[in-house]
Each structure stands twice: as structure tokens, then as C-alpha cells.
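Engineer: Predicted model, plus sequence, below.
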Amino acid sequence: MAAYAALVSLTNIMDQIHDHPRLPISLDKKQFKSLVEKVGFLLDFIETDSKGVITEEAQVLERQIAFAAYAAEDVIESHIAYQIRAIDQIHAHLTFFLDLMTVIEDMDSIKKKVMEFKEESRSKDLKPTYSMPTSTSRPITTAKNTMIGFDKQLIQLLDWLTGQPSNRRIIPVVGMGGIGKTTLAKHTYERSLITQHFDVCAWATISQTYNVKKILTQLLSWQSKSDNNEIDRETEDEIGRGLYQQLWGRRYLIVVDDIWSIEAWDNIQRFLPDNNNGSRIIITTRISNLCVHFDSPHLELTFLDEDQSWKLFCEAAFGQEGGVPELEDIGKEIAKKCKGLPLSIVVIGGLLRRSNRTREYWKGIAKDLISILNSGEDDDCLNILSLSYTHLPVHLKPCLLYMGFFVEDTETHVNEVIKLWVAEGFIKLNAIQSLEETARGYLNDLVDRNLILRLRLGSNGKIRSFKIHDLMRDLCLKLAQKEKFVYMLKDVPRDIDRARRIIFTEENLEEGYYSRVLPTLQSASLARTLFIIAVGPLMFKHRLLRVLNVLDQSMEEEIDLPKDIFDQVNLRFLSYGGYPGSMVNDDLPSSISLLWSLQTLSIQGGLFAPSQIWKLRQLRHLNIVSLDLSDPSPGGQQDDFVLRNLQTLVTVVDFALTDEVCKRIPNIRKLSMWFFDREKSSNDYCLYNLCYLLKLESFTCSTRYLDNLLHNIIFPNSLKKLSLENCGLHWDDLTMIGSLPYLEVLKLKRGSVKGREWNPVEGEFLRLKFLLIYKCGIVYWNADSSHFPVLESLVLVGLVDLDEIPSDIGEITTLGVISLYGCSESATLSAMKIAEEQECNDNEGLQIRFEFKNKSQVESFRENLEQLEGFTGNNIRRVYQQKLVTTGV
């Protein structure tokens, strides 16, 4: 809710002011104490006393609390801006004192109303409709999405995909939003019967607003490792012709998910050839009328019956833990009230899964569902989903509303969202975790409640990216606009002068829209957040701006960074970039030191950063494609100049890790360094100081000319992830890496290790889960399961001389996948043999994935596989069909 977010944000501002040694602002001690007391009281009320009660009186109180907190933020941050800019300081200080007194008086008035409300609530004995979950940091559910109730449709779809006729066939899957169209398509797409039957499988998501070039790129990238930067510079027709050539003569399956208009289909279907070999295209849509255009039978998904609804509800609400008998009657009532819509059942089940399992609480949910269904409103689905918001813990509500800011059906990176939440001030400080760790716990909680969908896991096993269902996004936007949490800039703006968060992410707008609408942004004097897709430079004059996220759509190879951005002294988050292939090339101004609360600076390009950047005491994440970073001025031992919050420094070029630098970044967790200067030696970069970075968890090191860069380097024991390129180590040197006690991810990229033979030592790599070896000249690898006892994923790329993968690698009980791309045929055959041996030992969980550069290599491999001794005809067919995955052929 807006009130909670505003109060936590205000609390964070006051903490920053109190702890900042050089901020040119001082608060009257009595005023400060009074403000802290009142904010604490109101925050305690929001967190513990309201507990989801949504009476009209409570809603009015919450709105008043939010506006009062906003007013306090405006007064404090406006004064900071005036002081930093040295604008009429005497008059400004007097005005600040009087304005803050007014804010405190308003809060005191609201505090009295809250006390009266609490007293009345006690006398009426109001029952809370929400109880706090036991934890927000529990492990996320990793099970696949359950599909229940569509067995007949699945069988029919499989028959249409693999049967006659031989000409290209289009199969529409039709149904309302949330009915399970995408889930059915995904379960079909991933079946071994399908991956065996088709040469190429590709997937593209369309949605209401679509971009033909992006759709074609999606389809091309699903079955090719083409360079996305290179693709992005091509025209729509060029990408389409490339896709056509890749599909020509091959039996393919393409899923076109969530199509809304026949025009979208017409724009892409010309690039999908009819090879007369059984190719198929699945189209999912909510629009039944689209089916008449395809001249083929279609599948229409209907609502689940009561038994199916109950079974799905149990999966969502109880998982593998099993049901609770005393809740069965209420659970069946709740499942029935969802009217057979899978999305509603899954979301409500996720809500109940994270709640206290009491009859009283579940009866409250059932009662709320009945109220919604008896309201007579047409949009039952959105209203049912809104329960998931109403009964969320207050700390998760602003985080869920924020999900509406991202484009529907697109992949969103977790780290970006976490940084945004922290910059917005949503995350409350605690003594145990960092702000980022707390935020990740919140995100895991949203995943576990089925409110957002996990897409990819990183090499460390954590969620790397997610997306949000378009119905859930619609709900988030609807609620966010109702609470005045966000302003969507679509039409000619109205009342934008009071907007605090402005989102403008529309593409493909009519000519003249930008010039007509965007200048009105200058009147948004209270704006704290701007999400903008822009064409060309913009003017930024928002003294209270905290979050600026800009995607430059001008398609220029070089983008200029507007200098007036750095006049926004309250800025906390700045992300500026363009489409792949575009780069910002500029110098940061010395005035960057005025951004007293900057936390995240993320620029797609190459930048020079002056020494003044070392004065940014609140800086947490510095993420630049290529950063030329000035050395800090002497004085790093003074606490004023130590960047204790800095966690990420990516990617600094030809930068020396001097004693002074190490003193400035004692809590760095992620560090990426490139070294390209021919004139310097490894000693000039002082990497021997790396061992003093005791919190470092991720280190990336790349060089081009210094073979002995890491000679005699001692890595800190805290390392969990290490990526090396062209560092010229020898395989024996990996002993120092293998002894790192917490190392989970090791990426050995091109030229990182020299030599033909690797003999690992037992007792090393005890926690390693992910191993990548990329284009190293290894020939013989002598290892067994004891050398990598908990390895989960092995990725080998470009190992053209590798004789074989050690057979005992297959004995590692945790190993789930071996991936080979462009490796020798003998190494690939050895992987197949490992898979066959594991299957014979009833271990069918090991997957083998590999890719060859051309079709002739695939055919050669097939022939040699069939001649491999010990393989029967059935084994050859089974292994080839189930294990062989080829892309880019």
C-alpha cells in the first residue's frame, strides 16, 4: 500500500540524514525527535494494527497517512536540493523550519485519529482478515507449473502435431485469460515426443502491443546462438529472411503465444515456409474470431469442473505437504468459488499456502470471495485476483504494485528490480540482512505465492529473471492508479503536477506523440520516478527525482548522456541505455559528487569517471559496460570517504587495486575488471591486494596481453563465483582455486588456462555446482566423482581437442545436465555413453545437450553413434531421440 511505502521511505531518508557526515542540512533536534516518534507510531499502526482490514474509514486514514508522509518527504528533500545548490539559504532555512512544523502538526492530527480508530476497533472487536506469514525468506517452490484438467486436449494436440497431413498446419488454442492456454502449450512443447519429432522448436510471445522485429528475433534466437547485437542492426525483412532460411527444409514447431490480432500473424507468417514435411504452428489467443482465418480445427479450453478445481487447488495450497483434513470443506468451497479458472485457483491457493492454516482465516477468504461474486461486476477474474493483494503482508504490497511498471510477457531481471525497490525506499532496514538480501526474500515470496512467474535460474541457483501474467499486471496497474501510486503517461496528461511515479513505456506510437506529450513532464515537479522510452535527448528538471530509467529508442550507435541529469541532486537510481548495439560514450561530470544519495548508476556504454565519484557515500552498485575510473584522492582512511555501501563495481578497465582503493571498498561483493594496457605489467594493477576484500563473492577478470596476471594471487575465501578469461593459468594452478571453501560457480573462458592435461586433486571444489570450460586447449581430463562431489551443471564450449569426458563424472549424484557446444565428436560421444550408463543404472535425471556448427557434423555424429560398441538399435534410437539437442544447424 502507498502509506506503508511512504512511511518506510521517509524513515530511510531520516536515517540517511542522521548518518551522513557531510550533508548540508540540519534538523531542529526537537522537530526531528517529534517527526521520528510520529512516523514510528503510524508505521507501527500500518504494520500491526490495520492487518488488512479494508473498511472505508481505514482506507481514508491510510490515504491521509500517505499524503502526510509525502509532504514530509517533499519538504525535506526540497530543502536538501536548495542547500546543495546554495539557493537563498537563509530564506530557505526559515521556510523549511515552518513547513516542517506544519507537516508535524498534520501528522499529530492523524495520530489522534488513528488512536480513536484503534479504540473503536477494539470496542467493535474487529477480526483481522490477514495474519503475518512465518517467513519471507523461505526457499522458493521449484516444482514445474501443474497442469490439471486438460488431459484430453493434450492428447488431441499431440495427435495433431505428430499426425497427418504433411503440409504446414496451424493449430489455434483458444480461451479466456488465465484459462491455461500457455501452460498447455508449454507442457506440449517440452514433451520428449515433440522434441524428438521436430528438427526445430521455437517460441515467441506476442501480446497486445507487439514489435514484428522483436518477434522474429525471438524465433531466431530460440534455435540459434546468433549475435543479438548484430541481429538488432538488421532490418525486419533481413531478420525474417534469415529465419526463413533456417527453417527451410526442416520440420519445425513454432509456438506463437498470446496473439491478439490477425495483423500480427500476417506480419510473421510469410517468413514461415511450408516444407510439406509436417511442420506445425501453435497459436494461443483469447480472440475466438481469429480462428476463422486459419482454416483448421482449433482447441477451445473451458473451465475446470469441481473435481479438477479441487485437485489444482490442493497442488497450489498444500504442495507436497498434503492437505489438512479440518480445512477440506472450506477449501472445496473456496475452489468452487473460483469458477474453474486455473489462474484464480493457483493465485488464491498461493495466498493460502503462505498463511496460517486456521479455519477462521480460511473462512474469511471464502467470505471475501462470495462478496466479490455477489457484487454483480463482470470482471470477476480481476476481482478474485485482487484478494491476493488485499491479503498480502503490507511490506509486499508496494513491491507487487511495482510489477505493473514492466512490459507484459517480457523477461525482467531480478537484480534490476531489487535495486529499484531499494532506491524507491520500499525496503525496511533490519540488523541481519542487507537491503538487497531482504528485497530478494520479498521477491521469492511473490514467486512462492504464484503472483509472478519464475523464468530462469542463474548459475548459482537463485532466480535470475521472471515475468508477470498480463492479467496480474492489469490488476497491479489498476490498483496502483487507484492508490495514486503511479501515473501512466499515455494520453494528454492531466493532473501530472501531483504525480510521484510516471511510467511511459509505450512503443510504436504515432508520429508527433513524443513532441506533444513529453514536454509536459516538466510540470511534474513532485515526480520521484520516471520510466521512459524516449527518442533522442530529453530535458530533466525534477529536483525531487529519485529513480530515472531511460531507454533511448533513437537507434543511434552512440548515445549522448544528457548533462542536466546530474542536476537532480536527490537521484538514487540512474539507468540509461539504448537497444543492443547502442552505446553511451561520455564523461561523467565532476558535479556527480552532488548526488548525495545516489545508490545505483547503470550505463550501457563506456564512461570516464572523475575522482569525485569516490565521494558518493551512498553508492551501492556501479554497473558500466566499460568504466575508466579515476584513482581516489588520498584520505580513504577517513570514514567520510569510505564507500561502505558499495557492493557492485562492474566493469573497470585498466584499474589498479591499490591499498587506497581497498580501503575505500571494504564491503564489495561483485567486482569485474578488464586489463588491456600493453604498457603495464601485472604488478602495476596490484591484484595481490585482492585477498583484503573479505566480503568479495563474485570476481571476473579478463585480459588480452598479460599472461601472468594472476600469478601468485591469493583469492579471498569468501569467493562464491569466479570467471577468468585470457589469464594464462596452468591446470596445476587451479589447486589454489579448488581450495576456496565457498566456491560454487567457476567459469574458465577463452585462454584462462593453458596446457593439455588436467588432473584435479581430491578434496578440492567441494561446493562447486556450476563449471564452464570455454575454448581452452585441454585434451586429457582425468577426473572422477570425488573431484566435484556436488556439481550440478557442466558446460563445455569449443573444446575441439578434448578426448573425452571422464566416465565417472556421471556418478556425481547431483549432476543434472552436461552441455557441449562445438566440442569434439569424441567428447560428445563420451557424454552420450555416460548418459546411457546412467540410464542403465536407473538414473534418468541426467540430461545431455549439445550443438554442432553444421548439418554434416550432425550426420557424422549420428553415424558414429550408431556404430558405437555396446549400443543396441533401440538404445541408439532412444539415446539419439531423447538426448540429442541440436541448435543453429
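Structural biologist: Everything's here; your move.
Engineer: Could you report the neighbour count for Phe32?
Structural biologist: By the other C-beta atoms under 10 Å criterion, the neighbourhood of Phe32 contains 16 residues. Just so you know, the C-beta spots here come from the backbone N, C-alpha and C atoms, and that holds for glycine as well.
Engineer: so what's it up against?
Structural biologist: Counting by C-beta atoms under 8 Å, 6 or more residues apart in numbering, Phe32 touches 14, 18.
Engineer: you'd agree it is in a helix?
Structural biologist: Yes - counting by DSSP: H, G, I helix; E, B strand; the rest coil, Phe32 is part of a helix.
Engineer: what is the mean pLDDT for stretch 859-873?
Structural biologist: Stretch 859-873 carries an average pLDDT of 67.
Engineer: before we move on, what about stretch 744-751?
Structural biologist: Here the average pLDDT along stretch 744-751 is 94.
Engineer: Repeat that for stretch 203-216.
Structural biologist: The model assigns stretch 203-216 a mean pLDDT of 82.
Engineer: mind checking how far that stretch is from the chain centre?
Structural biologist: In terms of C-alpha atoms, centre = their mean, to the nearest Å, the gap separating the centre of stretch 203-216 from the centre of its chain is 20 Å.
Engineer: ends of that stretch, how far apart?
Structural biologist: 10 Å (C-alpha to C-alpha, to the nearest Å).
Engineer: Next: stretch 626-645.
Structural biologist: With C-alpha to C-alpha, one end of stretch 626-645 sits 21 Å from the other.
Engineer: now Leu479: how far from Glu300?
Structural biologist: Using C-beta to C-beta, to the nearest Å, we find Leu479 at a distance of 31 Å from Glu300.
Engineer: More neighbours: these two, which one.
Structural biologist: The neighbour comparison of Leu479 against Glu300 (other C-beta under 10 Å) goes to Leu479, with 21 against 13.
Engineer: Is the more buried one part of a helix or strand, or is it coil?
Structural biologist: Reduced to three states by three-state DSSP, Leu479 is helix.
Engineer: contacting residues around it?
Structural biologist: Here Leu479 is in contact with 386, 389, 401, 485 (C-beta under 8 Å, 6+ apart).
Engineer: Equivalent analysis for Ala609, please.
Structural biologist: 588, 592, 624, 627-630.
Engineer: Okay, and the beta partners of it?
Structural biologist: Leu629 (DSSP bridges).
Engineer: what's the answer for Tyr252, then?
Structural biologist: Applying DSSP bridges, one finds that Tyr252 bridges with Val200.
Engineer: Just the pLDDT for it.
Structural biologist: 92.
Engineer: Same question for Gln618.
Structural biologist: pLDDT for Gln618: 91.
Engineer: now the one 5 residues further on
Structural biologist: For Asn623, the model assigns a pLDDT of 95.
Engineer: what do you get for His20?
Structural biologist: 68.
Engineer: about what we covered before: out of the contacts of Leu479, which one sits closest to Asn267?
Structural biologist: For these, the closest approach to Asn267 (C-beta to C-beta) belongs to Leu401, at 33.6 Å.
Engineer: Could you pull up the contacting residues of the residue nearest to that closest one when sequence neighbours are not counted?
Structural biologist: Among residues not flanking Leu401 along the chain, Ala480 sits closest, at 4.4 Å (C-beta to C-beta, 6 or more residues apart in numbering). Contact partners of Ala480, counting by C-beta under 8 Å, 6+ apart, are 401, 404, 486.
Engineer: buried residues in whichever helix in the chain runs longest?
Structural biologist: Counting by DSSP state H, the longest helix found in the chain is helix 89-124. By 16 or more other C-beta atoms under 10 Å, the buried positions in helix 89-124 come out as 92, 96, 99-100, 103-104, 106-107, 110-111, 114, 117, 121.
Engineer: Lowest-confidence entry in those?
Structural biologist: Out of the buried residues of helix 89-124, that is Ala92, at 65.
Engineer: The residue nearest to His787 when sequence neighbours are not counted and Val800: what is the separation?
Structural biologist: Spatially, and ignoring its direct neighbours in sequence, His787 is nearest to Pro760 (4.0 Å; C-beta to C-beta, 6+ apart). For Pro760, the distance to Val800 equals 21 Å [C-beta to C-beta].
Engineer: more neighbours, these two?
Structural biologist: Higher neighbour count among Pro760 and Val800: Pro760, with 19 against 12, using other C-beta under 10 Å.
Engineer: now the contacts of Leu479 in TSV, with secondary structure and neighbour count?
Structural biologist: Compiled in TSV, the contacts of Leu479 are given as follows (DSSP: H, G, I helix; E, B strand; the rest coil; neighbours: other C-beta atoms under 10 Å):
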residue	secondary structure	neighbour count
Ser386	helix	17
Tyr389	helix	20
Leu401	helix	26
Phe485	coil	22
